[in-house]
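Undergrad: pasted the sequence and its predicted model underneath.
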Amino acid sequence: MKKKAAKKPSIVPPAKWLAARRELLREEKEFSKLRDRLAARRRKLPWVKVSADYTFESPQGRVSLAQLFGDRSQLVVYHYMLGPGWEEGCRGCSFVSDHFDGALPHLAARDVSFVAVSRAPLAEIKRFKRRMGWKFDWVSSYGTSFNHDFGVSFTDEEIKSGKIEYNFGVRKGGMDELPGLSVFARGPDGAVYRTYSTYSRGLDLLIGTYNLLDLVPKGRDEDSEAPMKWVRLHDRYANERAAG
């Protein structure tokens, strides 16, 4: 949403405010029902078997995709933008990731494991994770095709072509890394299946801060052409305030 000049709020008596709020509530309930229907359709998507033998470097050593499940039958993978040699992780991905740790015990209680995956070597991941203070599992896919196969990393040739396949379509321009999320399930046969992936604005659902901002008068207060321009790594806000 492109920034517009701030409008003066409409000041009304309590009874008129209550009537307006009840009218909005009807729309909010319609939205909630639609979201429930979409979630039900999402759960009914067909599964596709993961045939590649993906492995990752973890603090415990080399692990397979199946081992990332632990003793649970469902796995959420966040495709975090951190490429080899980067000095720090993506601001947007960090904004999303700031919301993960609090969800971990609740996900575990519902038979769900969670892990972030990046193409950077494990040592670089661990250094940045330590700086951010995050606790969620984070492994490296360095040297594998995992990120490319799941549509979040791109070759030099793809980038030079000016078109990449992202978010289930062709996108103009290109970067070597983009964000996403994929969901996997362990089938009754023990095999791993991909059940869902989402990218771009589909990741908004992960950002609790946006849900809160959508409730306040100024909203997200973002420029539609650069929606996360205001976002900083969380250890930078205090430094910028101190610097004026």
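TA: Cool, got the structure. As the structure is a computational prediction, the values presented were derived from the model and not from experiment. Residues are numbered from 1 along each chain as shown.
Undergrad: next one: Ser64 from Ala116, what distance?
TA: Per Cβ to Cβ, to the nearest Å, Ser64 is found 17 Å from Ala116. Any C-beta I mention is one placed from the backbone N, CA and C, and that applies to glycine too.
Undergrad: and those two? Which one has more around it.
TA: The residue with more neighbours, out of Ser64 and Ala116, is Ala116; 23 against 12, by other Cβ atoms under 10 Å.
Undergrad: partner strands of the helix or strand hosting that one, with direction?
TA: If you go by DSSP states H and E, Ala116 is part of strand 112-118. Applying DSSP bridges, strand 112-118 is found paired with strand 74-79 (parallel), strand 137-140 (parallel).
Undergrad: between those strands, which gets nearest to Gly180?
TA: Gly180 lies closest to strand 74-79 among the strands paired with strand 112-118, at 4.1 Å (Cβ to Cβ).
Undergrad: chain center to the closest one: distance?
TA: 10 Å (Cα atoms, centre = their mean, to the nearest Å).
Undergrad: equivalent analysis for stretch 163-171, please.
TA: Taking Cα atoms, centre = their mean, one finds stretch 163-171 lying 18 Å from the centre of the chain it belongs to.
Undergrad: who touches that stretch?
TA: With contact meaning Cβ atoms under 8 Å, 6 or more residues apart in numbering, stretch 163-171 is reached by 151-152, 154, 158, 172-174, 178, 199-200, 202.
Undergrad: can you give me the end-to-end span of it?
TA: By Cα to Cα, to the nearest Å, the extent of stretch 163-171 from end to end equals 5 Å.
Undergrad: same question for stretch 225-232, mean pLDDT?
TA: Confidence for stretch 225-232, expressed as mean pLDDT, is 89.
Undergrad: then stretch 125-143?
TA: Mean predicted confidence for stretch 125-143 is 98.
Undergrad: try stretch 92-111
TA: 98.
Undergrad: export it as PDB, just CAs?
TA: Provided in PDB are the C-alpha atoms of stretch 92-111 (Å, rounded to 0.1, in the frame of the first residue of the first chain):
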ATOM      1  CA  GLY A  92      12.700  -9.400   5.700                       C
ATOM      2  CA  CYS A  93      13.500 -13.000   6.600                       C
ATOM      3  CA  SER A  94      14.800 -11.800  10.000                       C
ATOM      4  CA  PHE A  95      11.500  -9.900  10.600                       C
ATOM      5  CA  VAL A  96       9.600 -13.200   9.900                       C
ATOM      6  CA  SER A  97      12.000 -15.300  12.000                       C
ATOM      7  CA  ASP A  98      11.600 -13.100  15.000                       C
ATOM      8  CA  HIS A  99       8.200 -14.700  15.400                       C
ATOM      9  CA  PHE A 100       9.200 -18.300  15.400                       C
ATOM     10  CA  ASP A 101      10.700 -19.100  18.800                       C
ATOM     11  CA  GLY A 102       7.500 -18.500  20.700                       C
ATOM     12  CA  ALA A 103       5.600 -20.900  18.400                       C
ATOM     13  CA  LEU A 104       8.000 -23.900  18.800                       C
ATOM     14  CA  PRO A 105       6.500 -25.500  22.000                       C
ATOM     15  CA  HIS A 106       3.000 -25.100  20.500                       C
ATOM     16  CA  LEU A 107       3.900 -26.600  17.200                       C
ATOM     17  CA  ALA A 108       5.600 -29.600  19.000                       C
ATOM     18  CA  ALA A 109       2.400 -30.200  20.900                       C
ATOM     19  CA  ARG A 110       0.600 -30.500  17.600                       C
ATOM     20  CA  ASP A 111       3.000 -33.000  16.000                       C
END
